[in-house]
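Enquirer: with the sequence up front, the predicted model follows.
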Amino acid sequence: MTTAAEDAPLSGLQAASDLLRALSSPVRIGIVRELAAGSRRVHELVEALGVSQPLVSQHLRVLRASRIVTTRRDAREIEYSLLDEHVAHIVLDAIKHTRE
């Protein structure tokens, strides 16, 4: 008997690998953790993470290209939010797991 994971086509495994690669940075994990609580603007992420604005913007580009976050323009600022709440569960579970 095989498991569902063993039956997954390689393309599905590649997509999962790409998702994990996109999350493979402490800053990106921190961004996802913050966005799990709701939408944030760049300056809010900078403040919460204690890193520079250019660094946050660089990591947001990676997350956006990977279709993990989406944007909404609010006047002159851009608000970021998670495209899929499942990603938040992955990140939050990983953080919880490392603390146990």
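Expert: Great, that's in hand. What you are looking at is a predicted structure, and each value in this text was computed from that prediction instead of being measured.
Enquirer: CA only for contacts and neighbour counts going forward, please
Expert: Noted.
Enquirer: skipping adjacent residues, who's closest to the residue nearest the centre of the chain in space?
Expert: Geometric centre of the chain, nearest residue: residue 32, 4.0 Å, by CA atoms, centre = their mean. Spatial nearest neighbour of residue 32, chain neighbours left out: residue 88 (6.2 Å); criterion: CA to CA, 6 or more residues apart in numbering.
Enquirer: just say helix, strand or coil for the one you found.
Expert: Following DSSP: H, G, I helix; E, B strand; the rest coil, residue 88 is assigned to helix.
Enquirer: residue 41 is in contact with residue 76, isn't it?
Expert: No. Contact status for residue 41 versus residue 76: not in contact, 10.7 Å apart, counting by CA atoms under 8 Å.
Enquirer: quick one: which of these two has more around it?
Expert: residue 41 (17 against 6; other CA atoms under 10 Å).
Enquirer: show me what the closest residue to the more buried one other than its chain neighbours is bridged to.
Expert: Nearest residue to residue 41 in three dimensions, chain neighbours excluded: residue 79, at 4.6 Å (CA to CA, 6+ apart). Beta-bridge pairing for residue 79 (DSSP bridges): residue 41, residue 72.
Enquirer: tell me where this structure has helices.
Expert: Taking DSSP state H, the helices of the chain run over residues 4-7, 10-22, 26-36, 42-49, 53-65, 85-99.
Enquirer: could you report the neighbour count for residue 63?
Expert: So residue 63, with other CA under 10 Å, has 22 neighbours.
Enquirer: list the contacts for it?
Expert: 22-23, 28, 69 (CA atoms under 8 Å, 6 or more residues apart in numbering).
Enquirer: output those residues as a markdown table; include the columns pLDDT, neighbour count and distance to residue 92.
Expert: Formatted as a markdown table, the contacts of residue 63 follow (pLDDT from 0 to 100; neighbours: other CA atoms under 10 Å; distance: CA to CA, whole Å):
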| residue | pLDDT | neighbour count | distance to residue 92 |
| --- | --- | --- | --- |
| 22 | 94 | 19 | 15 |
| 23 | 94 | 23 | 12 |
| 28 | 97 | 19 | 12 |
| 69 | 97 | 22 | 16 |
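Enquirer: nearest to residue 11 among those residues?
Expert: The closest of the contacts of residue 63 to residue 11 turns out to be residue 22 (CA to CA; 16.5 Å).
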